[in-house]
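no letters, just coordinates:
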């Protein structure tokens, strides 16, 4: 099966400026959104507090649940509809109370409002603020360690300029995904950190394939400019990129649509991250290497065919 013609010659390098401008616009929009909203919306893993998931026997409104719980020692709390059901809700309180006691109080208050046996506590969690802060720091350090490991590995396998391009591309992917989480008011928790690390691994694999082809092609054609070598390498790996990204996206889209609310945020992060990762491998990682080469060119000997004796 042939998806891409072997002689295709799309001018990816010529579209670098437009592509980078698009990335800058999306990243700036995400940063502005984060500033307006006071930073990322942290889940209970990072923010601390108490989370209780309830299911009512009949559909209800969030306002009715807030009214039923207003006299409980929850402090500041929110009630949010969970999933597509109109009878399932998440109750989030900033105070980390004794879990068993507060769950019992919530159940009793709701049963007084909606009737005995009409309320089911489906999930309850509590995390202290200090624990949440520690988890948040460890999650950030995990991302930084992944970036540092990438820089060392690609510097060893290729060159430092390639490593810098790869790390900038990975930062690009994570920041864009974070921006989309801010656009759609989605929470960041430990599961999303796992998604970020998955995105880093996926994007890095795609970038290394392209880098490897650039290294193979460099110097193969006498007199060929480095920009032409990069463009030829991108075209030669295009079929593989489309097949890999396309099949992965099919799985992630299925998870996002049919996976349910529990993994919806995780699937959403992968969906955005894989698209951003494929885009950055083509337009960001290679563009950094090309820009570096144009300003600090590396001398390469042209590969000559072996001479007969």
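Now that the structure is in, tell me what you want to look at. Since the model is a prediction, treat every value here as computed from it, not as a measurement.

which elements pack onto the worst-scoring helix or strand of the chain on mean pLDDT?
The helix or strand of the chain with the poorest confidence is helix 44-47; it has a mean of 76 (mean pLDDT, DSSP states H and E). Here helix 44-47 is seen to pack against strand 119-127, helix 129-157 when contacts are counted using 3 or more C-beta pairs under 8 Å, 6 or more residues apart in numbering; DSSP states H and E. In short, each C-beta sits where N, CA and C put it, glycine included.

and for the first one, what's in contact with it?
When contacts are taken as C-beta atoms under 8 Å, 6 or more residues apart in numbering, the neighbours of strand 119-127 outside the stretch itself are 44-45, 47-57, 88, 96-99, 102-103, 106-107, 110-111, 135.

now do the buried residues in it.
Buried residues in strand 119-127, counted by 16 or more other C-beta atoms under 10 Å: 119, 124, 126-127.

and it, which strands flank it?
Strand 119-127 sits in its sheet next to strand 49-56 (antiparallel), going by DSSP bridges.

what does the strand it pairs with rub up against?
44, 65, 74, 82, 85, 87-97, 99, 102-103, 106-107, 110, 114, 118-127, 129, 132.

how far away from the center of its chain is that strand?
Chain-centre distance of strand 49-56: 26 Å, with C-alpha atoms, centre = their mean, to the nearest Å.

what is the burial count for residue 145?
11 (other C-beta atoms under 10 Å).

next one: it from residue 165, what distance?
Distance, residue 145 to residue 165, by C-beta to C-beta, to the nearest Å: 20 Å.

go on, residue 131?
With C-beta to C-beta as the criterion, residue 131 and residue 165 are 37 Å apart.

neighbour count winner among those two?
residue 165 (27 against 14).

in what helix or strand does the more buried one lie?
helix 160-183 (DSSP states H and E).

format the helices and strands packed on helix 44-47 as a markdown table; extra columns: mean pLDDT and distance to residue 265.
Below are those laid out as a markdown table (pLDDT from 0 to 100; distance: least, C-beta to C-beta, whole Å):
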| stretch | mean pLDDT | distance to residue 265 |
| --- | --- | --- |
| strand 119-127 | 81 | 15 |
| helix 129-157 | 84 | 14 |
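
most tightly surrounded among the ones you listed?
With neighbours taken as mean count of other C-beta atoms under 10 Å, these reach their highest mean count in strand 119-127, at a mean of 16.

what's the end-to-end length of stretch 110-118?
8 Å (C-alpha to C-alpha, to the nearest Å).

quick one: that stretch to chain centroid distance?
40 Å.

show me what contacts residue 249?
Contact partners of residue 249, counting by C-beta under 8 Å, 6+ apart, are 271, 274-275.

quick one: buried ones out of the contacts of strand 119-127?
Buried among those by 16+ other C-beta under 10 Å: 44-45, 47-54, 56, 88, 96-97, 102-103, 106-107, 110, 135.

now the helix holding residue 165 against helix 129-157, angle please.
Here helix 160-183 runs at an angle of 150 degrees relative to helix 129-157 (axes from the mean of the first three to the mean of the last three C-alpha atoms, to 10 degrees).

which helices and strands does helix 160-183 pack with?
helix 16-36, helix 129-157, strand 187-188, helix 190-217, helix 264-280, helix 286-295.

just name the most buried of the ones you listed.
Among the helices and strands packed on helix 160-183, the stretch with the highest mean neighbour count (mean count of other C-beta under 10 Å) is helix 264-280, at a mean of 22.

average pLDDT across that one?
Mean pLDDT, helix 264-280: 93.

how about stretch 58-78?
For stretch 58-78, the per-residue pLDDT averages 80.

okay, the helices and strands packed on helix 44-47 in TSV with distance to residue 253 next?
Formatted as TSV, the helices and strands packed on helix 44-47 follow (distance: least, C-beta to C-beta, whole Å):
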stretch	distance to residue 253
strand 119-127	26
helix 129-157	25
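
select, out of these, the one closest to residue 264.
strand 119-127 (15.2 Å; C-beta to C-beta).

any idea which element the closest residue to residue 290 other than its chain neighbours lies in?
Spatial nearest neighbour of residue 290, excluding adjacent residues (C-beta to C-beta, 6 or more residues apart in numbering): residue 230 at 5.4 Å. Using DSSP H and E, residue 230 maps to helix 226-236.

buried set for the next helix or strand after that helix?
Heading C-terminal from helix 226-236, the first helix or strand you meet, by DSSP H and E, is helix 238-258. If you call a residue buried by 16+ other C-beta under 10 Å, then helix 238-258 has these buried ones: 238-239, 241, 244-245, 248-249, 252, 255-256.
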